[in-house]
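Visitor: Here's a sequence, model it:
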Amino acid sequence: MSRGQERALFERLLGTGVRPTKQRLLVLETLAAEPHDATAQEIHARLRERGEKVGLATVYRALAVLKERDVVDELAHRTGESCYRLCSPGHHHHLVCSRCHRVEELEGCEIETWVTEASKTHGFRPASHTVEVVGLCADCLAA
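Guide: Residues are numbered from 1 along each chain as shown. Modelled structure (predicted):
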């Protein structure tokens, strides 16, 4: 990872009010290197392979803080475990391949009107929403 990329991640943490500890930066750098998403166990294994002495509990704590501050997204497409992804800032949704775990971000939210109307109908005040569409990507369909 280049110094510029490292600096951008450092600045992103500062911009969201997250103290940029060594462990958080290591977790974030590992996620930044992932083409799609990764579980906490996968992130931990990659850090250990690089010789970093970071415990699994530390990885989970770092991910919890990063998710809480919207630095990373948590995806639920794998049964029994969460996956994490360093996404672009701002509201978006995901297309997730259930075979190769490819993740595509969908910018722009065309369901906002539907959420608002459905909420009014049921006397509900929405705070947020997430959409994760799970299926097969074009590469996996062609295989």
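
Visitor: so is Pro89 in a helix, a strand, or just coil?
Guide: Here Pro89 is coil, with the state taken from DSSP: H, G, I helix; E, B strand; the rest coil.

Visitor: So it sits against Asp70, correct?
Guide: Yes: assessed by Cβ atoms under 8 Å, Pro89 is found in contact with Asp70 at 7.3 Å. No exception for glycine: its C-beta is placed from N, CA and C like everyone else's.

Visitor: When the two are compared, which one has more neighbours?
Guide: Asp70 (13 against 10; other Cβ atoms under 10 Å).

Visitor: residues near the closest residue to the more buried one other than its chain neighbours, how many?
Guide: Nearest non-adjacent residue to Asp70, counting by Cβ to Cβ, 6 or more residues apart in numbering: Thr16, 6.6 Å away. Residues near Thr16, counting by other Cβ under 10 Å, number 14.

Visitor: cool, and Glu132?
Guide: 15.

Visitor: what does the model give it for pLDDT?
Guide: pLDDT recorded at Glu132 is 83.

Visitor: Spit out the contact partners of it.
Guide: Glu132 is in contact with 75-77, 93-94, 96, counting by Cβ atoms under 8 Å, 6 or more residues apart in numbering.

Visitor: Can you say which of those are buried?
Guide: By neighbour count, with 16 or more other Cβ atoms under 10 Å, the contacts of Glu132 hold 75, 77, 93-94, 96 as buried.
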